[in-house]
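1. mind folding the following:
(chains A and B)
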Amino acid sequence: MASVKEMRTRIASVKSIQKITKALQMVAAAKLRRAQTAAENARPYARRMANVIANLSAGVSGPSAPRLLAGTGSDQRHLVVVATSDRGLAGGFNSGIVRAAREKIGNLLADGKEVKIITVGRKGRDQLRRTYGKHFIANYEVGLKPATFALAQPIARKVLDLFEADEVDVVTLIYSRFKSVVSQVPTVRQLIPAEVDETEAQPNGSFYEYEPDEEAILEVLLPQNISVQILNALLQNEAGFYAAQMTATDNATRNAGDLIDNLTIQMNRTRQAQITKELIEIISGAAAV
Amino acid sequence: MADKISFDLVSPERLLLSEDAEMVTLPGTEGDLGVLPGHEPLITTLRPGVIAVKGGGQGDARFFVMGGFAEVNPEKLTVLAEEALPMADMDAAALNQRISNTKEDLLVAKSERERARLVQMLDSLEQARAAL
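-> Residues are numbered from 1 along each chain as shown, chains lettered A, B, ... in the order given. I've put the predicted structure just below:
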C-alpha cells in the first residue's frame, strides 16, 4: 500500500485538476450563453431567406431554373463539408459529427461516387485525415473568436467556386444541430442542389412583383443562402460545443471530487493503521522489559 | 390603409431594427424606391447604399447596407442585408477600405459576370462615398 506521503501528493494533484475543470466549466457556461444568443440572433435572417427562396422557386422550374437549385443533373461527384470545433474537452461532441461524416462518406464511396472533403475545425480534420486524407481539398480553422459572417464567407466562396468550375455535383454539409443544452444532434444537410422547404412558401407568394426578374434575384439569393447556411451551421456548432464542453467538464469536476473523497478515506485508514502498528510495537516492547 | 409600415432590418448575424415607420427609402438595384404603407408586394435586390427610415419609433434613422434584398408587403417591409451598419458607425475611411478591396477583387475576378457585378458594386460604393 502507498505511503501516507504519496497519497497526500496524489490528492493534491487531483485537487488541482479539479480546479482546472471547474474553471473550464465556468468559462464554457459563460461562452455558451453568448453563443446561444448569437445562434438565436441569426435565426430570423435564415428563416426569411428560406421563406423567400421557397416562394421564388415555386415560380421557376424546368430548364431555366438556376443550377444551384436544380443541380447539374448528375450526382456522381460529391463535396462533403464537415464542420467541427477546433478544440476538444467536449465529450462526444466532435466524435458524433465525425461518425456521421464517416457514415456518409463511406456510403458514397461504397456507391462508387467521387468524394471531396472540406473540413472546418481542427478536430474534424485530425480525426478524418487518417482514413480520408487523400480526399481532402481544403481545411479551415474556426479560431477562438465567435463565428461571424466573415468566417463563413470564404468557405461558401470555395464551395461555389468548385461548383461553378463544374468539379462537383452535390454538396453536403455536416454539423451538429443545437437542439438544447443537453442535446446536440449531428446533422447531414444538402446545400446544392438546394433543399427547398415547401412549407415555408406562403400561399400568396405568386402575387409578388420582382425587381429585376425572378431568376436574377434567385441568382443572387442562392449563393447568399449557401453562406447563410454555413454561418448557421458554424453558430450552432459553437453553441453545441460549449454546451458539450460544459457537461463534460462538469462531469470531470464531479469525478475528481469523488476521487478526492475516496483517496482521503484511504489515506486516513493507512495513517491509522500505521499509528496502531507503532503503538503495538511500543507496548509489546515495554511488556518484554 | 395603415399609416405606418412595420420595418425589419436583419443581417445574417442579428436583427438590427424592428419598428414601425412612415416611410423607408431603399437603394434598389434598379433605382432607389420609397416604401410607404400599402405598397404593392415586391421583392427586389439591393445595391450598396443607404436605407433611410422616416418617422420610425426612434425618429429618423439611416443605415448603410452592402447589398442584400428586400421583401415588401402592404403592411410589412423586411430587408435582408448582407452587411448593415448604422450610418453613425460608418465613416469615409471604412468606405474607402471597401472600395479598395473591391478594386483588388476586380483585378483577380475570373468570369465576365463576376467582373460586371464588381464594377456595379464599385459604382454604388463611390456614389455612397459622394453622398457621405
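
2. how about the nearest residue to A:Q229 once chain neighbours are set aside, secondary structure?
-> Counting by CB to CB, 6 or more residues apart in numbering or on different chains, A:L191 is the residue found nearest to A:Q229 once chain neighbours are left out, at 6.0 Å. Yep, even glycine has a C-beta here, placed from its N, CA and C like the rest. Secondary structure, DSSP: H, G, I helix; E, B strand; the rest coil: A:L191 is strand.

3. any idea how far A:L191 lies from A:D169?
-> Using CB to CB, to the nearest Å, A:L191 is found at 12 Å from A:D169.

4. now do the shared contacts for those two.
-> Between them, A:L191 and A:D169 share no contacting residue under CB atoms under 8 Å, 6 or more residues apart in numbering or on different chains.

5. who has more neighbours, those two?
-> Comparing A:L191 with A:D169 by other CB atoms under 10 Å in any protein chain shown, the one with more neighbours is A:L191, at 23 against 20.

6. who touches that one in this structure?
-> Taking CB under 8 Å, 6+ apart, we find A:L191 in contact with A:V81, A:V159, A:V171, A:T172, A:L173, A:I226, A:Q229, A:I230.

7. thought B:D20 was touching B:F7?
-> Yes. Between B:D20 and B:F7 there is a contact under CB atoms under 8 Å: 7.0 Å.

8. on that earlier part again, which of the contacts of A:L191 tops the neighbour count?
-> Result: A:V81 is most packed of the contacts of A:L191 (other CB under 10 Å), 28 neighbours.

9. where does the stretch 1-150 of chain A dip in pLDDT?
-> In the predicted model, the stretch 1-150 of chain A carries pLDDT under 70 at residues A:1, A:59-64.

10. find the nearest non-adjacent residue to the closest residue to chain B within it, please.
-> Chain B sits closest to A:N41 of the stretch 1-150 of chain A, with a gap of 3.7 Å, by CB to the nearest CB. Leaving aside its chain neighbours, A:N41 sits nearest to B:R14 (3.7 Å; criterion: CB to CB, 6+ apart).

11. now swap in A:T187 and tell me
-> In space, A:T187 is closest to A:R177, 4.3 Å off (CB to CB, 6+ apart).

12. next: A:I260.
-> A:V14 (5.4 Å).

13. what's downstream of the host helix or strand of the one you found, the next helix or strand?
-> Using DSSP states H and E, A:V14 maps to helix A:4-41. Per DSSP H and E, the first helix or strand lying C-terminal to helix A:4-41 is helix A:43-59.

14. so is that next one next to chain B?
-> Yes. Counting by CB under 8 Å from any CB of the partner chain, chain B is contacted by helix A:43-59 at A:P44, A:Y45, A:A46, A:R48, A:M49, A:V52, A:N55, A:L56.

15. so what sits opposite the spatially most central residue of chain B in the bridge?
-> Centroid-nearest residue in chain B: B:V65, 3.9 Å away (criterion: CA atoms, centre = their mean). As for beta bridges, B:V65 partners with B:G49, B:A84 under DSSP bridges.

16. quick one: pLDDT of the residue nearest to A:N41?
-> Listed pLDDT for B:R14 reads 79.

17. counting neighbours, what do you get for it?
-> Neighbours around B:R14, by other CB under 10 Å: 16.
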